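Turn this into a model:
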Amino acid sequence: MATDVHHLRSALASDPGHQAFLLLRSVFTVAPIVFGLDKFADLLTDWPGYLAPWIDRLVPGTAQQAMYAVGVVEIVAGIVVAVAPRFGGWLVAAWLGGIILNLLTIPGFYDVALRDVGLLVSAVALARLAVRYAPARRSAVEPVA
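Modelled structure (predicted):
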């Protein structure tokens, strides 16, 4: 067992891909959860101001209520990244695509949309790295080769 831990530590220390995977997995677990929780507190910013008016007209309730729903989705996305990064990376990338679309329809938010394009690419990189570093678990009925 101690040998396994030592082998894991040395592999992590020498494998930049594994290091990148762990960094991205950590960030895309923590950040969505923190930002999701902040949708209920509005400590970081006035989140309803980031909702495009046309989307506000489509969704029921107020913009603040829409942000509560957004917060729940973000918290769930962070949890999914933590437990299933192969799927969670794609989930976060899709969510960021929606955020980018929303931001591109609000004048003056193009810089934030551009930042989120970088985050979307990073989420895709997480999903791709997870193929190697967090392989899908085998089903109990799947035959062992």
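
And the residue nearest the centre of the chain?
For the chain, residue 92 is the residue whose C-alpha lies nearest the centre (C-alpha atoms, centre = their mean; 3.7 Å).

Tell me the predicted confidence for the residue lying closest to it once chain neighbours are set aside.
With C-beta to C-beta, 6 or more residues apart in numbering as the criterion, residue 92 has its nearest non-adjacent residue at 4.2 Å, and that residue is residue 123. Glycine gets a C-beta too; all of them are placed from N, C-alpha and C. Looking at residue 123, its pLDDT is 98.

contacting residues around residue 123?
With contacts defined as C-beta atoms under 8 Å, 6 or more residues apart in numbering, residue 123 is in contact with 24, 28, 89, 90, 92, 93, 96.

Please repeat the previous calculation with a cut-off of 6 Å.
Going by C-beta atoms under 6 Å, 6 or more residues apart in numbering, residue 123 touches 89, 92, 93.

of the residues you listed, closest to residue 114?
Of all these, residue 114 sits closest to residue 93, with 15.7 Å by C-beta to C-beta.
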